[in-house]
Structures are given as C-alpha cells and as structure tokens.
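Undergrad: Turn this into a structure:
(4 chains)
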2 protein chains.
Amino acid sequence: MAAIEPLDAPQRLAAQPLYAKVREALVGRLISGIWKPGQMLPSEFAIADELGVSQGTVRKALYEMTSQGLLIRRQGRGTFVNESEDKSILFRFYRLTSDDEQNVESRSFPQSKYLSRALQSANPQEQDLFNLESGAQVWHFERLRSENEQPILVEKLVLPQNRFPDLDEQKDLPNNVYRFYGAQYGIIVARVEEKLRAVTAPAHVSKHLGLKVNAPVLEIDRRAYALDGKIVEWRVSLCRSDTMHYRNELK
Amino acid sequence: MAAIEPLDAPQRLAAQPLYAKVREALVGRLISGIWKPGQMLPSEFAIADELGVSQGTVRKALYEMTSQGLLIRRQGRGTFVNESEDKSILFRFYRLTSDDEQNVESRSFPQSKYLSRALQSANPQEQDLFNLESGAQVWHFERLRSENEQPILVEKLVLPQNRFPDLDEQKDLPNNVYRFYGAQYGIIVARVEEKLRAVTAPAHVSKHLGLKVNAPVLEIDRRAYALDGKIVEWRVSLCRSDTMHYRNELK
DNA sequence: AAGTGGTCTAGACCACCGC
DNA sequence: CGGTGGTCTAGACCACTTA
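TA: Residues are numbered from 1 along each chain as shown, chains lettered A, B, ... in the order given. Alright, predicted model coming up:
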C-alpha cells in the first residue's frame, strides 16, 4: 500500500482548503485501485491520524465524496467504495425501467438489433438541427432494443456525416453508441435534451414490439450535445409503455 | 417579529437532529415572510445565540438551505434570501411545454378547475405509500388544468389526512398547491419522483381535454417528497400529447 | 461490548468585504 | 478597521451495527 505523506499543517495560504487536499488524496486511492469497489475504508479517526488532520476535516472530505456517489457510508457499519457506480454510468441517459422494479444492481443493459442503415441527404429539419450546408449528408440507423429477450423500443438515430466519417466501413454500430462516439471519434456526449409524448404506434413498430395495433407508445425525441455544445445525434425512440416506464427525478 | 423560543439542548433522543430543527425554524421565517427575498440574515453567531445552539449547528442548517437554493452566502458580505428563485420556482416541477415553444419568459402558469374532492379510507397502496395505519384517511382531489384557455391535463391528487388536517374547511385547494403546503402546513416539497407512461385516455379524460376517444395521453405518476424525506403527495396526471410535450434534460 | 459513523460544542484563526 | 462567512481542531456524547 502506497504510503501517503502527512498533509500540510493548518495553514493553507490562499491555496486549497485542507479538506480538499484530503479529498484528493482519498480519490487518488480510489483511482489507483488501492481501495477497490465494495471495500471498506479505514475509520475516520484512522484516516485522520494517518494524514495528520482532525476527524472533522476527514469527515468533510468523506461527505463530499459520498454526495458525489463515490462512497457509501452507513452508521455503525463503515464507509465503503461504491461499486454500483461503474454500472450506473451505463444508465446515465437511459431512463426506461421495467414496471416490476427489479433491483438496479442486477439490471441488464438493453441489447440492439439493427434494422436498417442509410446515408442520405439531410432534409431541411436535419440541416437546421446540425447546422449543415444544403446537400450535406446524414446517417440514418434504425434499431430494435431488447432487455432480457423482451423487445423494448424501436428507435431511429440520425448522425451528421461530417462528424462521423468512415462509418460505412462499419458493419453495424455497436450497442453502446455513446461509448463508441467517444472511443472512435473523441466525441463526448455531455448532456441530452428530451421531449416526451404519447403517440399511437405505427404498424411496423407495434409489430416489432409485439403490441396490438394502435397501442399507445412513449415517443422520446432526444438531441445529444457534445462538450462543445453542438448537437451530435438526433434520436427518436418509440417505447412500449405496457411493461416499461420512464422515470425521472426533479429537485 | 415572531419570537422563536430557544431550541432544545444537545439531547435529541432519537428524534430529529438539532440542525434540522434549526433549518425548519429558519425556513419558517422565510415562509412567514419575516425574512424577505433579497434581505440579509443575521450572522451565524447571532442566530446561534438566539436559538441557543452553537455556530457550527447553524452553519450546517444554513449550508443545507444554500444548496437547496433558498439562500445565497457570500464570504465577507453575509447570508441573503435568494430572490431570483421566485419566478423559476413556479416551473421547477412543471415540465409540460406547448409544442410551439414560445419564449419561456412569457409563459402563463396553468390554471386549475377542481372537479371533485373527497376524504376516504386509504386503500392498501395508499397505506403503503404514506406509511399509514390501516383505517387512516386520505384526501382525493381531481382537477382540470388549462393554459391559455386550452385544457392541458386532468389529474388526481392524494394527500394523507394526518399531514394535512383541517382541509375540509377549505372550499378548494389553491392553484399552486406546493406553495400552499408550505404556507399553510410548513411542508416544503424538496424533490419529486415521476414515472411516465403512454396510455389510452379514459372516456371522461378525453372528454375534458376535447380529444377523440382512445387518444394516447401521457400519464405522469408523481410522488412528492418533503424535506424530511417522507412522501407528502401522490399525483397522477393525464396530459394531452397532441399539442404539448414533456421536456427533460439529462447531464 | 466494541467499533463505526452522526451530531454538537467551544474556541481559534483565516480570507474576504465594505467602510 | 470591524464584521462576515470559511476552515480547522479537540473532545464529547449519541445511534447504529455486528459479534
């Protein structure tokens, strides 16, 4: 275990507060893997002694890491490295949940089956959305997503060709496209805006989802924004609403 | 200015922590208007002396109110009641927007027409939701909400009678019920959880909204949580989806 | 009973603001 | 300069969990 030298004494001289240094030291241990997911941390007093600060200072650092989701603290038990974090990043932008609310831990990320792929000229709406010249091209993908063998939704993805060149050489997009955008093109999706509506399922959608004709489905119209603030993906999903729902929390 | 008696001494006996009582006392002053938007609060030490607690305890209460957006604190200046909150707070939990996206500033808050009101025994689901004894009672309200003369949604509100006594003396609930909960009962809604589905409108709903039979509508099942983490309101709204949508942003 | 996190206190000093 | 919030400490006691 890598030794960590005692932090500076109380004087902080217009620099970082001491608890911030403590937090960084502790986050470092998480990153370096000294403390692994699920593992219990030493007690507040043990950490305080080791780093040469008071318990209260360690408390504040641990509190911040807890509200950030890195740690889980339970009175009488101890402080633990949050292991559900790894999974939850998968579900960051995925708000659909089965009605029979199984525990979040065991959830499986939905799989994808691609139905179609096309490169075509952007229509006026798409030109406006992606700020494209007339005649520029966009990719269209349609895919069916399923969770535990049950079909969940049919969705259309639209990507501007100029930010995603060379896609024609791919046989299919991978299942987790946002990870792919980052790994292949350096495009990090920072936030998404969604508009939700209830609509009547078109025939081919109700067929794919195994719904009866004219069944109501949830339409999610999503625009995904990269770190530079530009739209990088437009997505319209039609989701079954008989066994699934969209959950949201407002604060 | 209403005098506030000193809070209990350090012993808290399995009840609320002291800083929570301090926070409630301070929130009470905001609600009652003793402290008005933009006004500067007394110093931490002054509040601590008055309430008979230590500065650190007041700090924790002020910190929570700050992260909740009620207060603004500036080093060297003081602590102030947040005044920018007032407008946006109206739409804090209201995510429905007209499709013809007029500017947000000029939006009118939807009006309410109450359709029914009843006090009845809680069914098993309601008992479970509000953690009620068998035989406890709940209020049911049904109302139609409209924006600019157009009917938007029909919703059912369920409130536990034990947290909302004396409601039968009211002719109707006001339009902005969350403000009413705070002003009348000191209940601050801190967050809400929503589940969204697409459903087929029941006959009486499609009639109220002027939709054709079996039109798809957006169902929003909302549980509102008070500062103490307990559920204080259950609400199921059925919203027209032909001219409105639910907007959401994920980061 | 022992060990953990949670709360509370009293006091000290620092950094920032406005007069 | 005086007053404000921001940080830090040392010590005390409480509440919860596990053995």
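Undergrad: Is residue A:143 in a helix, a strand, or coil?
TA: Here residue A:143 takes the strand state, with states given by DSSP: H, G, I helix; E, B strand; the rest coil.
Undergrad: Next, count neighbours for it.
TA: Neighbour count of residue A:143, defined by other Cβ atoms under 10 Å in any protein chain shown: 21. C-beta coordinates here come from the backbone N, C-alpha and C atoms, glycine included.
Undergrad: Check residue A:76 too.
TA: With other Cβ under 10 Å as criterion, residue A:76 counts 4.
Undergrad: swap in residue A:90?
TA: Neighbour tally, residue A:90, other Cβ under 10 Å: 15.
Undergrad: Residue A:160 too?
TA: Neighbour tally, residue A:160, other Cβ under 10 Å: 22.
Undergrad: just checking, residue A:131 touches residue A:229?
TA: No - under the criterion of Cβ atoms under 8 Å, residue A:131 makes no contact with residue A:229, lying 11.4 Å away.
Undergrad: For the host helix or strand of residue A:50, list the C-alpha coordinates in PDB.
TA: Counting by DSSP states H and E, the element that carries residue A:50 is helix A:44-51. Output of helix A:44-51 as PDB, limited to C-alpha atoms (Å, rounded to 0.1, in the frame of the first residue of the first chain):
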ATOM      1  CA  GLU A  44     -12.500   8.500  10.100                       C
ATOM      2  CA  PHE A  45     -10.000   8.600  13.000                       C
ATOM      3  CA  ALA A  46      -7.600   6.200  11.400                       C
ATOM      4  CA  ILE A  47      -7.500   8.300   8.200                       C
ATOM      5  CA  ALA A  48      -7.200  11.500  10.200                       C
ATOM      6  CA  ASP A  49      -4.300  10.100  12.200                       C
ATOM      7  CA  GLU A  50      -2.600   8.900   9.100                       C
ATOM      8  CA  LEU A  51      -2.900  12.200   7.300                       C
END
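Undergrad: Now that helix: average pLDDT?
TA: On average, the pLDDT along helix A:44-51 is 92.
Undergrad: who's residue A:250 bridged to?
TA: residue B:192 (DSSP bridges).
Undergrad: so what's it up against?
TA: B:92-93, B:95, B:191-192, B:194 (Cβ atoms under 8 Å, 6 or more residues apart in numbering or on different chains).
Undergrad: Kindly report the same for residue A:58.
TA: Contacts of residue A:58 (Cβ under 8 Å, 6+ apart): A:19, A:22, A:44, A:47-48, A:51.
Undergrad: Mind putting these into JSON lines with neighbour count?
TA: Listed next are the contacts of residue A:58 as JSON lines, based on neighbours: other Cβ atoms under 10 Å in any protein chain shown:
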{"residue": "A:19", "neighbour count": "20"}
{"residue": "A:22", "neighbour count": "24"}
{"residue": "A:44", "neighbour count": "19"}
{"residue": "A:47", "neighbour count": "22"}
{"residue": "A:48", "neighbour count": "19"}
{"residue": "A:51", "neighbour count": "20"}
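Undergrad: contacts with DNA strand D among the residues you listed, please.
TA: Taking Cβ under 7 Å from any atom of the strand as the test, DNA strand D is in contact with residue A:19 out of the contacts of residue A:58.
Undergrad: Between the contacts of residue A:58, which sits nearest residue A:198?
TA: residue A:19 (47.9 Å; Cβ to Cβ).
Undergrad: Surely the closest one forms part of a helix?
TA: Yes - checked against three-state DSSP, residue A:19 lies within a helix.
Undergrad: Which single one of the contacts of residue A:250 is nearest to DNA strand C?
TA: DNA strand C has its nearest neighbour among these in residue B:191, at 18.2 Å by Cβ to the nearest atom of the strand.
Undergrad: Is it correct that that closest one is in contact with residue B:68?
TA: No - using Cβ under 8 Å as the test, residue B:191 is too far from residue B:68 to be in contact (9.8 Å).
Undergrad: Run through the residues of the stretch 51-200 of chain A sitting next to chain B.
TA: A:92-93, A:95, A:97, A:190-200 (Cβ under 8 Å from any Cβ of the partner chain).
Undergrad: Out of those, name the ones that lie in strands.
TA: A:97, A:190-200 (DSSP state E).
Undergrad: Buried ones among those?
TA: The neighbour-count criterion (16 or more other Cβ atoms under 10 Å in any protein chain shown) marks A:97, A:192, A:194-200 among these as buried.
Undergrad: what's the farthest-apart pair in those?
TA: The most distant members of these, if one measures by Cβ to Cβ, are A:192 and A:200, lying 24.8 Å apart.
Undergrad: Which positions within stretch A:145-163 qualify as buried?
TA: A:145-147, A:151-155, A:157-161, A:163.
Undergrad: Residue A:236 pairs with what?
TA: Here residue A:236, judged by DSSP bridges, has bridge partners residue A:156, residue A:221.
Undergrad: picking that back up, so can I have TSV of the buried ones among the ones in strands among the residues of the stretch 51-200 of chain A next to chain B showing distance to DNA strand D and pLDDT?
TA: Output for those, formatted as TSV (distance: Cβ to the nearest atom of the strand, whole Å; pLDDT from 0 to 100):
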residue	distance to DNA strand D	pLDDT
A:97	27	91
A:192	32	94
A:194	35	97
A:195	38	97
A:196	38	98
A:197	43	98
A:198	42	98
A:199	46	98
A:200	48	97
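Undergrad: Let's have these in a markdown table, adding distance to DNA strand C.
TA: Shown next, in a markdown table, are those (distance: Cβ to the nearest atom of the strand, whole Å):
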| residue | distance to DNA strand C |
| --- | --- |
| A:97 | 28 |
| A:192 | 33 |
| A:194 | 34 |
| A:195 | 39 |
| A:196 | 36 |
| A:197 | 42 |
| A:198 | 41 |
| A:199 | 45 |
| A:200 | 49 |
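Undergrad: Closest residue of the stretch 1-150 of chain A to chain B?
TA: residue A:93 (5.3 Å; Cβ to the nearest Cβ).
Undergrad: backbone phi and psi for that residue, please?
TA: With angles defined as degrees, to the nearest 10, residue A:93 sits at phi -110, psi 10.
Undergrad: how close does it sit to residue B:114?
TA: 38 Å (Cβ to Cβ, to the nearest Å).
Undergrad: Please apply the same query to residue A:166.
TA: 60 Å.
Undergrad: Between those two, which has more neighbouring residues?
TA: Taking other Cβ under 10 Å, residue A:166 and residue B:114 do not tie; residue B:114 has more neighbours (14 against 9).
Undergrad: from memory the more buried one sits against residue B:141, does it?
TA: Yes - in this structure residue B:114 lies within contact range of residue B:141 using Cβ under 8 Å: 6.4 Å.
Undergrad: joint contacts of these two?
TA: Common neighbours of residue B:114 and residue B:141 (Cβ under 8 Å, 6+ apart) are residue B:173.
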